[in-house]
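Trainee: Just a sequence and a predicted model for now, questions to come.
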Amino acid sequence: MTTPAERYERRKLARERLRRLQERARQRELAKKATASPPATATGYSVARPVSPNAAIRAADATVAEKQKLRQSAINALERDVAELGRLADSSTNTANDISRIRKEVDELKRDFYANLVSWQKVQLARHPQRPYSDDFIRLLFEEFSEIHGDRGFADDTAMITGMARFHGKPCLVVGTQKGRGTKQRVARNFGQSKPEGYRKALRAMRLAAKFGRPIFVFVDTPGAYPGVDGEERGQAQAIAHNIREMARLPVPIIVTITGEGGSGGALAIAVGDRVYMLENSIYSVISPEGCASIMWRDATKAELAAEALKLTAPDLLGLKLIDEVVPEPEGGAHSDYEAAARLLDPVLEQALRELASISPQQLVDRRYEKFRSMGQFFA
């Protein structure tokens with residue numbers, strides 16, 4: 001039990017913190033107005049200094065990234081202060097109303113921040129270690145999942161999950177890459193990088209689904225196919241190319257969702273679908289930003305510049321007509337609420353399945369072929 005004097009002291013501290021928060025907000029507003037005005041000389045006219053285009057782009061990107069980092073840290077600090085105030089304040093006082101108002105303002109700042117992330121920040125969010133993986137979506141969206149193991153040729157690749165399940169009561173096949181959480185799981189799952197036996201296992205399961213007329217749901221979250229020597233010895237490139245060709249011929253609906261990283265041919269090997277969706281903060285690219293920077297500038301530290309140039313975010317790819325739809329994520333990203341992320345994805349998958357179920361198998365194959373053949377025509 002706290003004494004009245006202690007309660008009074010806590011309320012006094014809470015009010016003092018609240019005053020400091022309000023003062024910080026005023027200072028941020030003044031700083032924003034000051035930076036909005038252009039720099040001027042003593043005569044009052046701004047001076048433009050010539051710079052190379054590449055230097056200007058790098059400087060602009062660096063400035064934006066730095067501002068975003070500062071803004072994120074400021075929002076995090078505000079959230080901590082508001083949480084501390086809420087813990088200390090007495091709900092019966094006027095302080096509680098002020099805290100509620102400030103909490104709403106912080107939530108609005110957070111929404112605005114996540115709506116205006118630069119490409120590199122989207123990359124980092126797509127790689128977030130707590131982001132929902134394929135097994136999370138399988139658990140939340142499907143019933144009666146029964147996993148299929150092995151490629152019947154070499155081994156069972158645990159980086160690739162396949163299995164029969166039910167989606168809204170209808171039988172289907174689920175395929176997905178799995179990164180794993182924690183060092184032990186990640187090593188066991190090979191960090192989500194499939195070897196040739198993983199792609200052959202996926203294709204074996206897809207052919208089984210096609211035999212029984214079951215639709216296929218694919219969840220992609222991989223940095224790419226495994227680049228090691230043993231993978232190359234067992235025909236990594238051939239396995240990827242074979243999957244792409246055979247998936248284009250499967251006479252059942254294929255619905256693909258990029259949930260995190262969609263990296264290189266390792267992602268495309270299971271992403272030839274009638275519908276290709278991306279979660280709001282996922283990425284999909286022919287190469288990683290670090291790999292692109294190493295090739296283009298011989299400097300992997302320029303990954304931020306490469307991420308912008310690659311156009312790998314969901315809105316970019318939707319504008320290029322390489323995907324069909326961007327699926328929104330819960331506030332703060334899919335990693336903040338798995339169930340909310342699944343609830344937002346569920347109706348999109350259900351609508352796609354309903355539309356594709358009314359199309360004949362031959363039409364499905366023809367449309368899928370035309371869909372991928374028409375990609376990138378405007379570059380020719």
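Mentor: Looks like it came in fine. Computed from a predicted structure; not experimentally measured.

Trainee: and Glu261, what element?
Mentor: Here Glu261, judged by DSSP states H and E, is contained in strand 254-263.

Trainee: What strands flank that strand, and is each parallel or antiparallel?
Mentor: strand 216-222 (parallel), strand 275-279 (parallel), strand 283-285 (parallel) (DSSP bridges).

Trainee: avg pLDDT for the shortest one?
Mentor: Averaging pLDDT along strand 283-285 gives 92.

Trainee: Centre-most residue in this protein?
Mentor: Ser282 (2.3 Å; C-alpha atoms, centre = their mean).

Trainee: How many residues are close by the nearest residue to it once chain neighbours are set aside?
Mentor: Sequence neighbours aside, Ile258 is the residue nearest to Ser282 in space, at 4.6 Å (criterion: C-beta to C-beta, 6 or more residues apart in numbering). Bear in mind the C-beta positions are built from the backbone N, C-alpha and C, glycine included. Neighbourhood size, Ile258 [other C-beta atoms under 10 Å]: 26.

Trainee: give me the beta-bridge partners of Ile258?
Mentor: So, taking DSSP bridges as the rule, Ile258 has Val220, Met278 as bridge partners.

Trainee: How about Val174?
Mentor: Under the criterion used (DSSP bridges), Val174 bridges to Gly163, Phe217.

Trainee: is it true that it touches Thr162?
Mentor: Yes: the criterion here is C-beta atoms under 8 Å, and Val174 meets it with Thr162 at 7.1 Å.

Trainee: Checking my notes, Gln130 in a strand, right?
Mentor: No: counting by DSSP: H, G, I helix; E, B strand; the rest coil, Gln130 falls outside a strand, being coil.

Trainee: Let's see the pLDDT reported for the residue lying closest to it once chain neighbours are set aside.
Mentor: Leaving aside its sequence neighbours, Gln130 sits nearest to His335 (C-beta to C-beta, 6+ apart; 4.3 Å). His335 is assigned 89 on the pLDDT scale.

Trainee: Select the helix or strand of the chain having the lowest average pLDDT value.
Mentor: None of the helices or strands of the chain scores lower by mean pLDDT, DSSP states H and E than helix 53-88, at a mean of 56.

Trainee: just checking, the residue nearest to Gln130 is part of a helix?
Mentor: Yes: according to three-state DSSP, His335 belongs to a helix.

Trainee: ok now do it, which residues does it touch?
Mentor: 125, 128, 130-132 (C-beta atoms under 8 Å, 6 or more residues apart in numbering).

Trainee: now swap in Pro132 and tell me
Mentor: 259, 334-335, 338, 341-342.

Trainee: For the next helix or strand after the strand holding Glu261, name the packing helices and strands.
Mentor: Per DSSP H and E, the first helix or strand lying C-terminal to strand 254-263 is helix 264-268. With contacts taken as 3 or more C-beta pairs under 8 Å, 6 or more residues apart in numbering; DSSP states H and E, helix 264-268 sits against strand 216-222, helix 236-247.

Trainee: what mean pLDDT would you report for the first one?
Mentor: Strand 216-222 shows a mean pLDDT of 95.

Trainee: Show me the contact partners of whatever helix or strand comes next after it.
Mentor: Helices and strands here follow DSSP H and E; after strand 216-222, the next one along the chain is helix 229-233. The contact list for helix 229-233 (C-beta under 8 Å, 6+ apart) reads 195-196, 225.

Trainee: JSON lines for the strands paired with strand 254-263, including mean neighbour count and distance to Lys311?
Mentor: Listed next are these as JSON lines, based on neighbours: other C-beta atoms under 10 Å; distance: least, C-beta to C-beta, whole Å:
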{"stretch": "strand 216-222", "mean neighbour count": "27", "distance to Lys311": "18"}
{"stretch": "strand 275-279", "mean neighbour count": "24", "distance to Lys311": "13"}
{"stretch": "strand 283-285", "mean neighbour count": "26", "distance to Lys311": "8"}
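
Trainee: contacting residues for the closest residue to Val187 other than its chain neighbours?
Mentor: In space, and not counting its chain neighbours, Val187 is closest to Gly180: 7.8 Å by C-beta to C-beta, 6+ apart. For Gly180, the contacting residues are 133, 186-189, 191-192, by C-beta under 8 Å, 6+ apart.

Trainee: how about Gly180, phi and psi?
Mentor: Backbone torsions of Gly180, given as degrees, to the nearest 10, read phi 90, psi 150.

Trainee: Over to Leu364?
Mentor: Dihedral angles for Leu364 - degrees, to the nearest 10 - are phi -60, psi -50.

Trainee: Count residues in the vicinity of Tyr369, would you?
Mentor: Tyr369: 13 neighbours (other C-beta under 10 Å).

Trainee: How about the secondary structure of Cys172?
Mentor: Classified using three-state DSSP, Cys172 is strand.

Trainee: who's in contact with it?
Mentor: With C-beta under 8 Å, 6+ apart, Cys172 has these contacts: 142, 164-166, 209, 214-217.

Trainee: And for Lys170?
Mentor: So Lys170 contacts 215, 353 (C-beta under 8 Å, 6+ apart).

Trainee: again, but for Arg249
Mentor: Val365.

Trainee: hang on, it is in a strand, isn't it?
Mentor: No: Arg249: not assigned to a strand; according to three-state DSSP it is coil.

Trainee: Let me see the domain layout of the protein.
Mentor: Listed domain ranges for the chain are 10-28+57-116, 126-379 (source: automatic domain parsing).

Trainee: Check those for me and report the most buried one.
Mentor: domain 126-379 (a mean of 19; mean count of other C-beta atoms under 10 Å).

Trainee: Now render the domains of the chain as CSV, adding distance to Thr3.
Mentor: Below are the domains of the chain laid out as CSV (distance: least, C-beta to C-beta, whole Å):
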stretch, distance to Thr3
domain 10-28+57-116, 11
domain 126-379, 39
